[in-house]
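Engineer: Need a 3D model of the sequence below.
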Amino acid sequence: MSKLTTVAKYVDTYIASIERCYTGKERNRKERILKLYAVPYIGNKLISCMTDFDVKEMIQCLSRNPLELKGEPAKPATINHAIIVLKGMMKHAEANDLLSRKQLDSILSVKLVPNNKSDCVEYYTEDEEYRALRACKENFECFYPIMYFCLKTGARFGEMASLAWTDVNFSAKTVSISRSYDDVSRTVKATKNGKERTIPLSTGTHELLAVLRLTELSKNNYIFLDPQSRSIAGLHSTCNGFLDDINKVCEINKHITMHGLRHTFATRLLQKGVDIVTVSKLLGHSSPNTTMRYLHTNEKTKQNAIDLLG
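Structural biologist: Numbers count the residues shown, from 1 in each chain. As a prediction, the model looks like this:
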């Protein structure tokens, strides 16, 4: 492709290239998002000249201008879908030498727009988690190991992304968390609280890693790679894009992010009666007070508490 290729023209190239990672239905959805929400505003921009300024321009246009199909500005969730899909296409362009690494970094640094619907991190219920994992395995198999690992260990995104095979102790069935990858600066740093921790592996997680160890992934230093770029660069936006796709397939009306998987892990343990100090240590929190945000009380849990008194 020429560096004079426009965003509008590159959409078809990108959609055709992701055939192995997505089902036909999901490719069609991505194509629709790009052509409805990106092309009308930045379609004439050259791929080789794209920066964060252009993405922000698209966001402003979507926020202010009525959409042709709906007659009103796009909602935050719609705008965020457009941002995520566009970032995925820009990563593809960078991998094909149509975009510099500096340009891609600036584009990936653009944040999602706030959703006034809720300021809280959304998480899966137990039934939603089951359905989401099943849909992931059936429709987005390349993302399944990442999703499963995060749901069963509570690792932060950066901790998962920087995990190397040397961090896994297969005989002890544990994984050591000592680093964290920053997707924007593309550097590996210390963990959020600067401390190393060891997480026991469930039988399912241990088996998952053992199977991955027998594949071509064992040749890489890092365990989990971006399914498109085959590196850890740009992995965060790719993962969140997969989660949006999975929720669409499952008809789960929630905006689940990678941090939402960690939130799900903590919530599930607390709901099953694990004490908050243990959960705090598994999450790598410096204090159980931080873990308190994962406590969710509803009518059923309140009734169960009263029933304990007889």
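
Engineer: Distance from whichever helix in the chain runs longest to the middle of the chain?
Structural biologist: The longest helix of the chain (DSSP state H) is helix 76-95. Counting by CA atoms, centre = their mean, to the nearest Å, helix 76-95 is centred 12 Å from the centre of its parent chain.

Engineer: what's that helix packed up against?
Structural biologist: If you count contacts as 3 or more CB pairs under 8 Å, 6 or more residues apart in numbering; DSSP states H and E, helix 76-95 packs onto helix 7-17, helix 24-33, helix 52-64, helix 101-108, helix 235-250. Where you see a C-beta, it was placed from the backbone N, CA and C, and this is true even at glycine.

Engineer: tilt between the third one and helix 76-95?
Structural biologist: This points to helix 52-64. Here helix 52-64 runs at 160 degrees with respect to helix 76-95, directions being taken by axes from the mean of the first three to the mean of the last three CA atoms, to 10 degrees.

Engineer: returning to what we had before: how big is the angle separating the longest helix of the chain from helix 235-250?
Structural biologist: 130 degrees.

Engineer: On the three-state scheme, the residue nearest to residue 56 when sequence neighbours are not counted is what?
Structural biologist: Once its chain neighbours are removed from consideration, residue 56 has its nearest residue in residue 110; the separation is 6.3 Å (CB to CB, 6 or more residues apart in numbering). Residue 110 falls in the coil class when you classify it by DSSP: H, G, I helix; E, B strand; the rest coil.

Engineer: I figured residue 110 was touching residue 52, is that so?
Structural biologist: Yes. With the criterion set as CB atoms under 8 Å, residue 110 and residue 52 qualify as a contacting pair; they are 5.1 Å apart.

Engineer: If you count surrounding residues, which of the two has more?
Structural biologist: More crowded of residue 110 and residue 52, by other CB atoms under 10 Å: residue 110, with 20 against 15.

Engineer: pLDDT wise, what is that one at?
Structural biologist: Per-residue confidence (pLDDT) for residue 110: 92.

Engineer: Let the chain start at 43 from now.
Structural biologist: Happy to do that; since the first residue is 43 now, the last one works out to residue 152.

Engineer: Would you mind giving both backbone torsions of it?
Structural biologist: Main-chain dihedrals, residue 152, degrees, to the nearest 10: phi -70, psi 130.

Engineer: Tell me how the chain divides into domains.
Structural biologist: Using automatic domain parsing, the domains assigned to the chain come out as 49-150, 169-303, 308-349.

Engineer: Out of those domains, flag the one nearest residue 163.
Structural biologist: The closest of those to residue 163 is domain 169-303. By CB to CB, the value is 5.6 Å.

Engineer: I'd like the mean pLDDT over the closest one, please.
Structural biologist: Averaging pLDDT residue by residue across domain 169-303 gives 89.

Engineer: Run the angle between the longest helix of the chain and helix 143-150 for me.
Structural biologist: If you take the same axes, to 10 degrees, helix 118-137 sits at 170 degrees to helix 143-150.

Engineer: Pull out the buried residues from helix 118-137.
Structural biologist: Burial within helix 118-137, assessed by neighbour count using 16 or more other CB atoms under 10 Å, is assigned to 118, 120-137.

Engineer: returning to that earlier point: can you tell me which of the helices and strands packed on helix 118-137 is most buried?
Structural biologist: Mean neighbour count (mean count of other CB atoms under 10 Å) peaks for helix 277-292 among the helices and strands packed on helix 118-137, with a mean of 22.

Engineer: Pull the residues that contact that helix.
Structural biologist: Helix 277-292 is contacted by residues 64, 68, 71, 122-123, 126-127, 129-130, 133, 150, 170, 173-174, 177-178, 181-182, 185, 188-189, 199, 203, 223, 225, 266-271, 294-300, 302-303 when judged by CB atoms under 8 Å, 6 or more residues apart in numbering.

Engineer: Restricted to buried residues, select the residues you listed in PyMOL.
Structural biologist: Filtering these down to the buried ones (16+ other CB under 10 Å) takes a single PyMOL command:
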select buried, resi 64+68+71+122+123+126+127+129+130+133+150+170+173+174+177+178+181+182+185+188+189+199+203+223+225+266+267+268+269+270+271+294+296+297+298+299+300+302+303
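
Engineer: Just the ones of the contacts of helix 277-292 in helices?
Structural biologist: When the contacts of helix 277-292 are checked against helices using DSSP H, the ones located there are 68, 71, 122-123, 126-127, 129-130, 133, 150, 170, 173-174, 177-178, 181, 188-189, 199, 203, 300, 302-303.
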